[in-house]
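Peer 1: What follows is a predicted structure for the sequence shown.
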Amino acid sequence: MCQENYNTKKREFKQLTYKDRVKIETLYNDEHLNYTQIGKILGKHRTTISRDIKLGLVELETSYLPVWKYCAEVAQRKNEENETAKGTNLKIGKDMKLANFIEKEIKEEKSSPEVIEYKIKKGKFSTTLCFKTIYNYIDKQILEIERKDLTYGKYIKKEEKEKEESERIKPNKEGKTIHDRPKEIETREEIGHWEIDLVEGLRGEKEPYLLVLSERKTRKEIIELIPNKEAKSVGKALDKIERK
């Protein structure tokens, strides 16, 4: 594809503001939405949300076990520190035109990074990138592309597969969903309504999961350690909590 035919509509990297991060804090910690859902609400790519949540995770001490929560202030401070330290070392820099070109080539033209390297050299860009650098930008989430967007070279690391599986929501066709609960529960005026969630350990480290039950009004939490996220393990943990 000739570069002259490429749509170079002006775009900036989707940087998050502190106001965005405050919204993420509520959506992630209280509403328990995943990266994709939060991204749709804020108009950001899921990789932008994923990267920022990892940046702002803090460990909270409870009466049971430590729990990880996202903190907007921590994410904002770390982001500012990273931006200061990064300086102009990033080769793609502020070249939004080139970033747009790479993303369009991968998502729409189904070009591989090797082919994109050749097109960049033949084009009229002020910056040149080798295919290995493009792969690095994808893996480091500098571009709004993921390995799964690639037609070729879409090998995904084991920890990334586990992350995708943890974010995939499987509907329970036989039971009720959260949308079926009574409307009065939303007001948080009545004690006794609990929400359940799984907190994943460090990715790639084969750490166990935390089963977290949160009471909506008092915000009291009950936390139980489980070996994995299988339904059988969750059921055993709930039985143990009921016995206690």
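Peer 2: Great, that's in hand.
Peer 1: I'd like the next helix or strand past the helix or strand bottoming out on mean pLDDT in the chain.
Peer 2: The weakest-scoring helix or strand in the chain, judged by mean pLDDT, DSSP states H and E, is helix 158-167 (a mean of 53). Scanning forward in sequence from helix 158-167 by DSSP states H and E, the next helix or strand is strand 194-199.
Peer 1: how far is that following strand from where the chain is centred?
Peer 2: 18 Å (Cα atoms, centre = their mean, to the nearest Å).
Peer 1: Ok, stretch 116-132 next?
Peer 2: Its chain's C-alpha centre and that of stretch 116-132 lie 29 Å apart, by Cα atoms, centre = their mean.
Peer 1: So what's the model's average confidence on that stretch?
Peer 2: For stretch 116-132, mean pLDDT is 83.
Peer 1: measure it end to end?
Peer 2: Start-to-end span of stretch 116-132 (Cα to Cα, to the nearest Å) is 11 Å.
Peer 1: Now it: buried residues?
Peer 2: I116, E117, K119, I120, G123, L129, F131 (16 or more other Cβ atoms under 10 Å). (Glycine included, C-beta is placed from N, CA and C.)
Peer 1: And the residue positioned nearest the centre of the chain, how far from P182?
Peer 2: By Cα atoms, centre = their mean, the chain has its centre lying nearest to S50, at 2.3 Å. S50 is 33 Å from P182, where distance means Cβ to Cβ, to the nearest Å.
Peer 1: quick revisit: pLDDT value on the residue nearest to the centre of the chain, please?
Peer 2: 88.
Peer 1: just the one 3 residues further on next, same as before
Peer 2: Predicted confidence (pLDDT) at I53: the value is 90.
Peer 1: Check R46 too.
Peer 2: R46 is assigned 86 on the pLDDT scale.
Peer 1: wouldn't it be in contact with Y35 here?
Peer 2: Yes: counting by Cβ atoms under 8 Å, Y35 is a contact partner of R46 at 4.3 Å.
Peer 1: Where does pLDDT dip in this structure?
Peer 2: 1-14, 61-66, 82-91, 93-94, 152-180, 201-206 (pLDDT under 70).
Peer 1: Show me it divided up by domain.
Peer 2: With domains defined by automatic domain parsing, the chain comprises 18-86, 191-243.
Peer 1: mind checking which of those domains is nearest Y137?
Peer 2: Nearest to Y137 among the domains of the chain is domain 18-86; the distance by Cβ to Cβ comes to 11.2 Å.
Peer 1: Tell me who's in contact with I116.
Peer 2: Neighbouring residues of I116 by Cβ atoms under 8 Å, 6 or more residues apart in numbering: F101, I102, E105, I106, L129, F131, I134.
Peer 1: mind redoing it with 10 Å?
Peer 2: With contact taken as Cβ atoms under 10 Å, 6 or more residues apart in numbering, I116 is in contact with L98, F101, I102, K104, E105, I106, E109, G123, L129, F131, I134.
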